[in-house]
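Visitor: I would like to see how this sequence folds:
(one chain, ligands or ions: 1)
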Amino acid sequence: MTLTRTTCPYCGVGCGVLAGADGTIKGDPDHPANFGRLCSKGSALGETTDLEGRLLHPKVDGQRADWDSALDLVASKFSATIAEHGPDSLAFYASGQLLTEDYYVANKLMKGFIGSANIDTNSRLCMASSVAGHKRAFGTDTVPGTYADLELADVVVLVGSNLAWCHPVLYQRIAAAKAARPHMRVVNVDPRRTASTDLADMHLAIAPDGDVALFNGLLAHLADHDLIDQNFAARHVNGVAETIAAARATDTQGSGLSAQELAAFYALWAGHEKVVTVYSQGVNQSSCGTDKVNAILNCHLATGRIGKPGMGPFSATGQPNAMGGREVGGLANMLANHLELGEPDHRHAVQEFWNSPTICTTPGLKAIDLFEACAGGQIKALWVMSTNPAVSMPDSNHVARAIANVPFVVTSDIMERTDTTDLAHVCLPALGWGEKDGTVTNSERRISRQRSFLPPPGSARADWRIISDVAARMGFGAAFDYRGPADVFAEYIALDAATAQFPRDLDLSIFADADYATLVPTQWPRNDHRFFADGRFYHSDGKARMVPVVAPPQLRPRFQLNTGRNRDQWHTMTRTGKAPRLGAHLAEPYVELHPRDADALTAAPGDLIRLENAQGEVILRALVTSRVAPGQLFAPMHWTRLTSSNGVINRMTAPVSDPISGQPALKAGAVTASVFKAKWYGFVASAQALTPHAPYAAVSRTVTGWQVELAGRRVPLDWVAEARALTGEAEGTASIQTDPATGAVRVAFQVEGRITALMFISSAPVVLSRTAAIACIGTDIAPLAALAGRTPTDQPDPGATVCACFQVGRNTLLGAVANGAHSVTALGDATCAGTNCGSCKPELAALLEGTTVPMAAE
Ligand code: SF4
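Guide: Now for the predicted structure:
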């Protein structure tokens, strides 16, 4: 089997992957991002490339259509909309999942040919505050450092960044560096104790949005102790005095930390020159995200700790190609190639290069405003590319209604059904990972190839081609006459050369003579380059700017909702949800709440919690843990209306955004909480696909089919009929067990001697080995034995999955601990857990410490 050298499509680490059409997946030992490592998500890529659920042909109004008629319709509707309502009545909403070539073409069509800047992207939800902070400080959107700096640092500060789950391979690189250099210190600044905290020497459980107070306090400390690099600051930085004055005026109590904690952190930061401050969504996704970014950058600029080995600020991007999208200008307030929309010379140069009939002159609508304009009727035609805003945008029920309000909605996606494609008039099938070709840029400015190793399914097409096909039908064919992604990439590089007279950081000349087919992962402007070591920045005077920032007032709602990622899932689970071993890690939408809050609510582990606010309500499984502080709640963002009945967490997030970057504040919702008192709780394992029908329902894939966790308030009169309705099992022979004393009901269905579905109902959260029930599906085990919780092979119950790669459960690990495995390494030797991708090592360590909080319903 020939393996193809490609790049992982998930997080911004951008790991190299060797992939084969037979499902083989290996880490690429030669890729400088991962040197052969992969995390659990990357390792399971081979399980996500099947065609189940894929959109294989265009659809118009829900009916299969041919490409010509679908594209003709899209182009004619767009042209008519522009003619009648003007270019700003059209909007594109793109994605950090798109490849750079796709992004480049979409941006070119909207800004140069349609003549609007109404192209925004889900990167607005991810990185916009970093972009705005970089531009304020440096004059350009520049990530100064490289991954190697994280390994070379003496102090790594993780701010609002659960790298262990969200950028696992980068976390593993830091962990390996710390093991090799034990004097290295790791600080974790996060309101929650996360898997990343397990590596930290210091955990600062900061108050939500307390970052500005923390870093302003650090800057004041540096100034008060004569630790400002006066030479660097005087020669290369503006705004020093006023920024220090603003920092000194800050009340550091707003950080939520004690004086001792602050003093210890400030001494550590000040005492080591080689400091890297890594930050991601906990900083960016805030109503003051840009100020938080600048509060961090201020400290590095004041001390000259930037651009040199082992030091500097480092923004870890969430998505695989958020950086590529920024480079080609795929946001509503950018032009292309790091050129400025507000600069007439830049616009003229781009228009001339594109030979385009027009060029937008003013910024377009940022994500929240864009969907508000959909709701308000200003947007008459919308194209959503490779993303699912009906779930992922804040106030997602409102956004879903806003999309439904647009007269003409187009989606290009790999999946037939998502919450957003369900709202579209035209659905265009796009190529997925493994089928498409292009480039992505990772968090350290490294451009790598994604390469196809699978045939195109059905009539699906590459995104760049779909966009070009529409452009051609709108009369712009000559400018979109690409033969392949290599042509697009070459044009992108040529635009960089054609605009080299405008001083900026982006310099792609290293790719000018590159062979696209054999392109090796390469950083711009060149490998291992660090910006700003020479003190040259990109404001017009060549200096950087420290920006005075003010800490926001601390809000203290009874419950503050924080949202984020799970270790083994990606975004709305359209791909990772296909891999049973990934779903086995945390199979339900849950809410972490502190034991004290659980007591106050009289909630026990496994109960269901209802969260409510002005936007809506959700019902989630209670995960009682001291990892969150009292008054704070954490819930994952992955569940959709297709996988849960009441688990879409962005129903609860408010459409509040940072006034500078437009990035939504997805981590600071105010909610009320109460126990959802169900009359019955259930678990179903089935060979057939399940849909979420019940006040609480959460569906996920299993190794034998599907499972759904359930709860309801109306007790059915006929449980067998209810089980048939829930499982879709119309024909099977039913066996039922009931216990009127406890309210327990168990139903098994058999077809031709094989178990097709099992349902377990209880008046309390169902206590059952899910693994055993799931293992019975498709076997000839006797129904009553299956209902008794026996496995077909009478193997011991492994418990809830901890290690996704080797499917090692918690019970298996506890057994190994009882037999003398008292270290992560020993657990690996005994069970293999943690010996492949290593993503579960923090959980193994926590289990050994006895601090593991199991999923409520195991
Ligand atoms: Fe993919 Fe994991 Fe690497 Fe991120 S860390 S790029 S998800 S393999």
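
Visitor: and the residue of the stretch 351-500 of the chain nearest the ligand?
Guide: Nearest residue of the stretch 351-500 of the chain to the ligand (CB to the nearest ligand atom) works out as residue 442 at 7.7 Å. Where you see a C-beta, it was placed from the backbone N, CA and C, and this is true even at glycine.

Visitor: how many neighbours does the residue nearest to that residue when sequence neighbours are not counted have?
Guide: Leaving aside its sequence neighbours, residue 442 sits nearest to residue 14 (CB to CB, 6 or more residues apart in numbering; 2.7 Å). Neighbour count of residue 14, defined by other CB atoms under 10 Å: 32.

Visitor: residue contacts, residue 14?
Guide: Residue 14 sits next to 7, 8, 33, 320, 440, 441, 442, 443, 446, 448, 521 when contact means CB atoms under 8 Å, 6 or more residues apart in numbering.

Visitor: ok, the closest residue to the ligand within the chain - contacts?
Guide: Nearest to the ligand, among the residues of the chain, is residue 42, at 2.5 Å (CB to the nearest ligand atom). Taking CB under 8 Å, 6+ apart, we find residue 42 in contact with 8, 10, 15, 17, 25, 27, 169, 837.

Visitor: isn't the first one up against residue 45?
Guide: Yes: judged on CB atoms under 8 Å, residue 8 makes contact with residue 45 at a distance of 6.9 Å.

Visitor: between these two, what contacts are shared?
Guide: residue 17.

Visitor: who has more neighbours out of these two?
Guide: More crowded of residue 8 and residue 45, by other CB under 10 Å: residue 8, with 30 against 23.

Visitor: quick check, pLDDT for that one.
Guide: Note for residue 8: predicted pLDDT of 97.

Visitor: model confidence over stretch 599-616, on average?
Guide: 94.

Visitor: should've said stretch 459-467
Guide: The average pLDDT within stretch 459-467 is 98.

Visitor: what lies in contact with it?
Guide: Where contact means CB under 8 Å, 6+ apart, the residues beyond stretch 459-467 that reach it are 54-58, 67, 71, 98-99, 101-102, 104-106, 109, 385-386, 412, 414, 428-432, 435-438, 469, 480, 482, 485, 488.

Visitor: which of those fall in helices?
Guide: Cross-referencing the contacts of stretch 459-467 against helices under DSSP state H gives 67, 71, 101, 102, 104, 105, 106, 469, 485, 488.

Visitor: buried subset of those residues?
Guide: 71, 101, 102, 104, 105, 106, 469, 485, 488 (16 or more other CB atoms under 10 Å).

Visitor: mind listing what the residue of the stretch 351-500 of the chain closest to the ligand touches?
Guide: Residue 442 neighbours (CB under 8 Å, 6+ apart): 12, 13, 14, 33, 317, 320, 323, 448.

Visitor: can I get the residues you listed in a markdown table including secondary structure and distance to the ligand?
Guide: Formatted as a markdown table, the contacts of residue 442 follow (DSSP: H, G, I helix; E, B strand; the rest coil; distance: CB to the nearest ligand atom, whole Å):
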| residue | secondary structure | distance to the ligand |
| --- | --- | --- |
| 12 | coil | 7 |
| 13 | coil | 4 |
| 14 | coil | 6 |
| 33 | coil | 7 |
| 317 | coil | 10 |
| 320 | coil | 7 |
| 323 | helix | 13 |
| 448 | strand | 10 |
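
Visitor: thinking again about what came up before, which one among the contacts of residue 42 gets closest to residue 825?
Guide: Checking those against residue 825 with CB to CB, the nearest one is residue 837 at 15.6 Å.

Visitor: neighbours of the closest one, just the number please.
Guide: The tally of other residues near residue 837 (other CB under 10 Å) stands at 23.

Visitor: what about stretch 536-551, distance to the chain center?
Guide: Centre-to-centre, stretch 536-551 and its host chain are 30 Å apart (CA atoms, centre = their mean, to the nearest Å).

Visitor: mind starting the numbering at 56 from now?
Guide: Renumbered: residue one is now 56, and that last one reads stretch 591-606.

Visitor: residue 752 in helix, strand or coil?
Guide: Secondary structure, DSSP: H, G, I helix; E, B strand; the rest coil: residue 752 is strand.

Visitor: so what's it bridging to?
Guide: Using DSSP bridges, the beta-bridge partners of residue 752 come out as residue 765.

Visitor: and the strands in the stretch 556-705 of the chain, which stretches?
Guide: Counting by DSSP state E, counting those that start in this stretch, the stretch 556-705 of the chain has strands at residues 577-578, 599-600, 614-619, 645-648, 663-667, 672-679, 687-691.

Visitor: redo the ones you listed as a markdown table? Include mean neighbour count and distance to the ligand.
Guide: Converted to a markdown table, the strands of the stretch 556-705 of the chain look like this (neighbours: other CB atoms under 10 Å; distance: least, CB to the nearest ligand atom, whole Å):
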| stretch | mean neighbour count | distance to the ligand |
| --- | --- | --- |
| strand 577-578 | 18 | 16 |
| strand 599-600 | 25 | 30 |
| strand 614-619 | 22 | 15 |
| strand 645-648 | 25 | 21 |
| strand 663-667 | 22 | 28 |
| strand 672-679 | 24 | 23 |
| strand 687-691 | 23 | 16 |
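
Visitor: for stretch 481-501, give the mean pLDDT please.
Guide: If you average the pLDDT over stretch 481-501, you get 98.

Visitor: could you find the closest non-adjacent residue to residue 485?
Guide: Take residue 485 and drop its neighbours on the chain: the residue closest to it by CB to CB, 6+ apart is residue 467, 4.7 Å away.

Visitor: again with residue 107
Guide: residue 633 is the one closest to residue 107 (CB to CB, 6+ apart), at 6.7 Å.

Visitor: quick check: residues of the chain near the ligand?
Guide: 63, 65-66, 68-70, 89, 93-94, 96-97, 222-224 (CB under 6 Å from any ligand atom).
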